[in-house]
Structures are given as C-alpha cells and as structure tokens.
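Participant: I'd like to go over a predicted model; first the sequence, then the structure.
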Amino acid sequence: MARSGYVAAAAAMLAATLLALHGRLSPSAEDPPPEPARRLSPVAAPAVAATPTLYCEFNNFAALTPLVGYFFALDPAAGTANGQPAYAQIFRREQDGSEVIYGGPETPRPLWTYDGASNPAVLHDPGGETINLYDDDAAARGTRWFEAGLRSIRYRNLGGRCRRSGPPVSPRDPSSGASAGPE
C-alpha cells in the first residue's frame, strides 16, 4: 500500500471514531434531562490551632535536605521557675523516614524549656540537646520561618530553621501562677 493509502486509512478510522464518540456524547431524545446542580451548604473555615506549635528542621552539612525534624506544642500546664513557657515534644523525624512519636505510656513527651531571656532564645532538652532560635519572636502572630541551630552530641552542630504556628505565646507570670499560653 502506498503512503497515501495509509494516510487515507488512518483518516477514515479517525472519522469513524469521532462519529461514534459524537453519537455517545450528544444527547438524544430518549435521554432524561440532566438533574439540576445541587447547592452545597457552606462549611466553616477550620479554626486556628488553639495551642501554639513550633516545628524545627535541621539540614545535613550540604544544606540540601533536612537531616532531623522536631515538632513541639506549647504545654500550658508546664513552665520554668523564671516564668518562661515549656514545649512538649510531639515527634522527632529522621532523614531516612524513621520517627519517634511521643505521648504514649512507653514514650512520654519530653518537656523542653524555653529561655527567651538569652540572645538567641534557646530551647533546652532534658537530655542535653539545645536549639538556638535566632530572630525568634514568640509574641508574633501568624506563621513564619526563622533561622535556628541544633547543638547536640548525636547530630553535632547543625544549622536549620524553625516555624511557629498558632496564636502568639505570652510568658508566664510567676507571681500569679498563671501559665503561659496563647493570648
């Protein structure tokens, strides 16, 4: 078959396919009329987290991918003697995908104490790790990333960043016994 024969055969097959599809897609007299569109009821927007959270991730030395990440939630019932808030660690996630989720009977949530009086602000782990929070503004509203540094024997000194979410954090008032929490 000549080249023009192949082109003619392909064109005929295409035309037949288009006619068949047109017959299936176009409404006929036997088809019932389409149903009117249903109105969806409005849904309330999700509420802003009532508890302030802090997520930190620290990069490998090439600064290409996070090596370890920590997620914390403010613990309004805990705090330090100097009136600073404390953060309960929710999980720690490693680069290989493994993670430790805290909060069960086998793995209680470690409380990291926040020292906002130092410059930079520092989170202290009961096990000796520290996270330096450079340019941290715990009283700021909204979500924003800022520079952080992990000081750890296990991970050595790693650079990274943290992000606060939720309402701003206000310091505790040691004289009244009021706990730190969202404003």
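Facilitator: Yes, it's here.

Participant: quick one, phi psi at Asp137?
Facilitator: Per-residue torsions, Asp137: phi -130, psi 90 (degrees, to the nearest 10).

Participant: Tell me where this protein has strands.
Facilitator: For the chain, the strands defined by DSSP state E cover 53-59, 66-79, 85-94, 99-101, 111-115, 121-124, 130-133, 144-152, 156-165, 169-170, 181-182.

Participant: pretty sure Gly103 is touching Pro110, no?
Facilitator: No: at 10.4 Å, Gly103 does not count as touching Pro110 under the criterion of C-beta atoms under 8 Å. In this view, the C-beta of every residue, glycine as well, is placed from N, C-alpha and C.

Participant: Show me which of the two is the more surrounded one.
Facilitator: Taking neighbours as other C-beta atoms under 10 Å, Gly103 and Pro110 compare with Pro110 leading, 16 against 13.

Participant: if we can go back for a sec, CSV please, covering the strands of the chain and showing mean neighbour count.
Facilitator: CSV is the format used below for the strands of the chain (neighbours: other C-beta atoms under 10 Å):
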stretch, mean neighbour count
strand 53-59, 21
strand 66-79, 20
strand 85-94, 19
strand 99-101, 12
strand 111-115, 20
strand 121-124, 20
strand 130-133, 22
strand 144-152, 17
strand 156-165, 17
strand 169-170, 21
strand 181-182, 17
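
Participant: Having no further points to raise, I will conclude here.
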